[in-house]
Every structure is written in structure tokens, then in C-alpha cells.
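>>> Coordinates for the following, if possible.
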Amino acid sequence: MQKKVSSPRRKKKRSDMPAKKLLSIDDEPMMLRCLKRALKGKGYDLMVTDDPDEGLKILKEQDICLALLDVKMPGKNGFEIYRELM
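Residues are numbered from 1 along each chain as shown. This is a model prediction of the structure:
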């Protein structure tokens, strides 16, 4: 009796998959640059801003998969942004 061999599924390449949207809100430019560099070419659409109000607007208007919020920012901090979203 012969076993039926199934063909392996073709894995999707990163370029075939839609990029997951990430947002980082941080008042430190170095942190934003490092994050951009670390995620470059990894299949993510990274948006960054140093303005908490702009970040909150983006979070309300777009389908963001993950938001990284700085908890120590002048004005509105990450905890306050989180509370406004809830």
C-alpha cells in the first residue's frame, strides 16, 4: 500500500504579507531611530511621533497592531494616552 504524500505548503514570503502597523510615541529621537533601525526590513510598517496628541489621533484613526508608549514624556505620558483610548 502506497502512502499519499502531500506537497508541503508554500510559506508566504514577508513581501507577500501585508505589513503590520506599529506606532511608537516617544519624545526621545534616539529611541525612535533605534526602533526604526531594529525593525527595518522585518515586515512592519512603523510609524513614529514625538507628539502624544498626534499619536493619540493616529491610534484612533488607523488600525494599529501594536503601540509603544513612552511613560515619561512632558505633557501627556503613555499612561494618559492609554486611559484616553480605553
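>>> shaky segments in the chain?
Filtered on pLDDT under 70, the chain yields the residue ranges 1-17.
>>> Distance-wise, check the most centrally placed residue in it relative to residue 75.
Compute the mean C-alpha point of the chain, and by Cα atoms, centre = their mean the closest residue is residue 22, 1.4 Å away. Distance of residue 22 to residue 75, computed by Cβ to Cβ, to the nearest Å: 22 Å. For every residue, glycine as well, the C-beta is placed using N, CA and C.
>>> about what we covered before: the residue nearest to the centre of the chain in helix, strand or coil?
Counting by DSSP: H, G, I helix; E, B strand; the rest coil, the backbone at residue 22 sits in strand.
>>> which ones are touching it?
Under the criterion of Cβ atoms under 8 Å, 6 or more residues apart in numbering, the contact list for residue 22 reads 39, 44-47, 64-68.
>>> same check, this time on residue 75
residue 52.
>>> So it, which state does it fall into?
coil.
>>> That'll do, ta.
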